[in-house]
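Asker: need a 3D model of the sequence below.
(chains A and B)
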Number of protein chains: 2
Amino acid sequence: MTTTTNPETISVILRRRSVRNYSDKPVDDEVILQLLRAAMSAPAADRQFPWKFIVIRDKEMLHYLASGLPSAEMLSEAAAAIVVCAAPQDAFAGRVEYAVMACSCASENILLAAEALGLGAVWTAIYPNPESIEFVRYELGMPASIIPFNIIPIGYPICEAPVTDRYDPDIIHWEEW
Amino acid sequence: MTTTTNPETISVILRRRSVRNYSDKPVDDEVILQLLRAAMSAPAADRQFPWKFIVIRDKEMLHYLASGLPSAEMLSEAAAAIVVCAAPQDAFAGRVEYAVMACSCASENILLAAEALGLGAVWTAIYPNPESIEFVRYELGMPASIIPFNIIPIGYPICEAPVTDRYDPDIIHWEEW
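Answerer: Numbering: from 1, shown residues only, chains lettered A, B, ... in the order given. Below is the predicted model:
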């Protein structure tokens, strides 16, 4: 059994940060599909995958979504965005909690894959805000059974995001609380 | 602006799978701390980090937890386990949903870092099962304000997990649902 280690991956995980400013360099569809392939490799309870994705490249729609969502102004600068959608009916036991956990892991995979590919991205919350969910669901023509979970703008960063060490030994307990 | 790509990281994301069988090779505390450093680099809304961690290496406790949790029998084989704990009061707006999303991302980082370091791991659910939450909280002496979220057994794998391609182009929508 080989146990090759991949220090590069640890480095990508540690330096991933929210990137909110993007150059006007376009992002190829092939690159977007690499991010989605990463998303679909996330874990989900009982291997029931409760996720769907909407890719938005239309500049007018990106501006419009930016105007209707809190703290999402960076969407209007992005080359594209991925809306991660939760499908609770496809989740283990049909429960929204399992859909939320799986979609969170899929989203983290997108963010890490973006960092690995030299892109910038940031998790912009839709869930659990009811107004944001209703707005995005309506604008993108989504059925009521699907929860627009977050929207992740994607673009090439115009500067390096500062990386601070978030390690905190005080929140680690040993053997018991 | 450099845009170095890290193909190795994409490969780790794509090949990460649940590993449920471990050799008896011990896992150094230093390695566990690398996993926890990765966990603490996950995103959380408004940079409010609603997570805590309990590291369990005591074999007797690992066996006991294995006996009291559904589908957690692999805990008794593991060299160690990490209990990811959610602290909703520390999350954005004090909401459990934000704690669940952040703890999910932290857990995915642990699973990916384990894969990168040649370890095997698997997400064993505690949340949202009330009996499992109560059982772990009581056994590990956790306060009522903290939710034991999942338990991730860690060990060196005894075989390669088979990797199937989970990519499904049919769940990708373009520009709208």
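Asker: report the contact partners of residue A:5.
Answerer: By CB atoms under 8 Å, 6 or more residues apart in numbering or on different chains, the contact set of residue A:5 is B:116, B:117, B:118. (C-beta placed from N, C-alpha, C; glycine too.)
Asker: so the last one sits in a strand?
Answerer: Think residue B:118. No. With DSSP: H, G, I helix; E, B strand; the rest coil as the criterion, residue B:118 is assigned coil and is not in a strand.
Asker: show me where chain A has helices.
Answerer: A:7-15, A:29-39, A:59-68, A:96-116, A:130-139 (DSSP state H).
Asker: turn the ones you listed into JSON lines, columns for mean neighbour count.
Answerer: Formatted as JSON lines, these follow (neighbours: other CB atoms under 10 Å in any protein chain shown):
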{"stretch": "helix A:7-15", "mean neighbour count": "19"}
{"stretch": "helix A:29-39", "mean neighbour count": "20"}
{"stretch": "helix A:59-68", "mean neighbour count": "16"}
{"stretch": "helix A:96-116", "mean neighbour count": "26"}
{"stretch": "helix A:130-139", "mean neighbour count": "16"}
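Asker: not counting sequence-adjacent ones, nearest residue to the spatially most central residue of chain A?
Answerer: In chain A, the centroid-proximal residue (CA atoms, centre = their mean) is residue A:107; its distance is 3.2 Å. Among residues not flanking residue A:107 along the chain, residue A:84 sits closest, at 5.2 Å (CB to CB, 6 or more residues apart in numbering or on different chains).
Asker: the one you found and residue A:149 touch, don't they?
Answerer: Yes. Between residue A:84 and residue A:149 there is a contact under CB atoms under 8 Å: 4.7 Å.
Asker: ok, these two, which is more surrounded?
Answerer: When residue A:84 and residue A:149 are compared for neighbours, residue A:149 comes out ahead with 30 against 25, by other CB atoms under 10 Å in any protein chain shown.
Asker: list the residues that contact the more buried one.
Answerer: A:83, A:84, A:85, A:86, A:100, A:103, A:107, A:126, A:127.
Asker: of all those residues, which two lie farthest apart?
Answerer: A:83 and A:100 (15.2 Å; CB to CB).
Asker: isn't residue A:158 up against residue A:23?
Answerer: Yes. Applying CB under 8 Å, one finds residue A:158 in contact with residue A:23, separated by 4.9 Å.
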